[in-house]
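> Fold the following.
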Amino acid sequence: MEKPKDHLSQETTRTLFWVELVCAECSATTAGDWSSGRVNVREMKKVAEREGWSFGGIHAFCSANCRSGFIKKNPAVEENQR
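You can find the predicted model right below:
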């Protein structure tokens, strides 16, 4: 008689996640890709910069208007944007 197989596999599974950069002001997106592990943020930023995006601190902006609008609404963040 064959022993029943354990329903919980010991093999690791890989789950894909969609990752993309999002504008801090208007929520526009760019430089998205599927990932099942480490995200190559540097490469995503390079793609976004070629599309005209800018970065300040931890924030990404799709345009100069969005960047200035965000800083206007969040004056305490301005120092981190430089």
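
> helix or strand right after the helix-or-strand element of the chain with minimal mean pLDDT?
In the chain, the helix or strand scored least confidently by mean pLDDT, DSSP states H and E is strand 29-35, which has a mean of 91. Going down the chain from strand 29-35, the next helix or strand is helix 41-50, by DSSP states H and E.

> hmm, back to that, who does the least confident helix or strand of the chain pair up with?
When pairs are called by DSSP bridges, strand 29-35 turns out to pair with strand 17-22 (antiparallel).

> list the contacts for residue 72?
With contact set as C-beta atoms under 8 Å, 6 or more residues apart in numbering, residue 72 has no partners. All C-beta spots, glycine's among them, are computed from the backbone N, C-alpha and C.

> before we move on, what SS does it have?
Secondary structure, DSSP: H, G, I helix; E, B strand; the rest coil: residue 72 is helix.

> Report the separation between it and residue 15.
Applying C-beta to C-beta, to the nearest Å, the value for residue 72 to residue 15 is 39 Å.

> before we move on, what about residue 34?
According to C-beta to C-beta, residue 34 stands 10 Å off from residue 15.

> now swap in residue 21 and tell me
According to C-beta to C-beta, residue 21 stands 21 Å off from residue 15.

> what's the neighbour count on residue 70?
Residues contacting residue 70 under the criterion other C-beta atoms under 10 Å number 19.

> One more: residue 52?
Residue 52, neighbours per other C-beta under 10 Å, totals 11.

> cool, residue 35 as well?
Neighbours around residue 35, by other C-beta under 10 Å: 15.

> Who does it form a beta bridge with?
Going by DSSP bridges, residue 35 forms beta bridges with residue 17.

> in a helix, that's where residue 77 is, yeah?
Yes: counting by three-state DSSP, residue 77 is located in a helix.

> Check the gap between it and residue 47 for me.
For residue 77, the distance to residue 47 (C-beta to C-beta) stands at 24 Å.
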